[in-house]
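make a model of this:
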Amino acid sequence: MMMFGMAGVSMGDVGMMRRLFVIAGLMVLRRFTMMLGRVLVMFGGFLMVLSALVLAHVSSRSDS
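Numbering: from 1, shown residues only. Prediction:
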């Protein structure tokens, strides 16, 4: 059906599109949380390496 130059859709089609958008949004959210988790793991590893370097530097200064 045409209304004001736009095609009309049935209510069932609108519900289907809403479900597709919800599924797509959940997939994007899941990918974002996975990426955030990986970034946090990398940041934690960086902090461990940095603390090891600082401790090695402090212990080498106390030996001299």
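
all helices for this structure, in order.
Using DSSP state H, the helices of the chain run over 11-63.

sketch out the low-pLDDT regions of it for me.
Segments of the chain classed as low confidence (criterion: pLDDT under 70) are 1-14, 63-64.

just want the most central residue of the chain.
With distances taken as CA atoms, centre = their mean, the residue of the chain nearest its centroid is Phe32 (1.7 Å).

next one: it from Leu26, what distance?
11 Å (CB to CB, to the nearest Å). Using the backbone N, CA and C atoms, a C-beta is placed for each residue, glycine as well.

separation between the residue nearest to the centre of the chain and Val39?
Counting by CB to CB, the separation of Phe32 from Val39 is 10 Å.

how about Leu53?
Counting by CB to CB, the separation of Leu53 from Val39 is 21 Å.

Ala56 too?
Separation of Ala56 from Val39 (CB to CB): 26 Å.

Ser62 too?
Ser62 is 35 Å from Val39, by CB to CB.

so these two - more neighbours on which side?
Each of Ser62 and Val39 has its neighbours counted (other CB atoms under 10 Å); Val39 has more, 10 against 7.

list the contacts of the more buried one.
By CB atoms under 8 Å, 6 or more residues apart in numbering, the contact set of Val39 is empty.

that one and Met16: what is the separation?
For Val39, the distance to Met16 - CB to CB - is 35 Å.

repeat for Val49
With distances taken as CB to CB, Val49 is found 50 Å from Met16.

and if you look at Leu26?
In terms of CB to CB, Leu26 sits 16 Å off from Met16.

go on, Val54?
For Val54, the distance to Met16 (CB to CB) stands at 57 Å.

also Met34?
The spacing between Met34 and Met16, counted by CB to CB, is 27 Å.

could you do Gly37 as well?
Gly37 sits 32 Å away from Met16, going by CB to CB.
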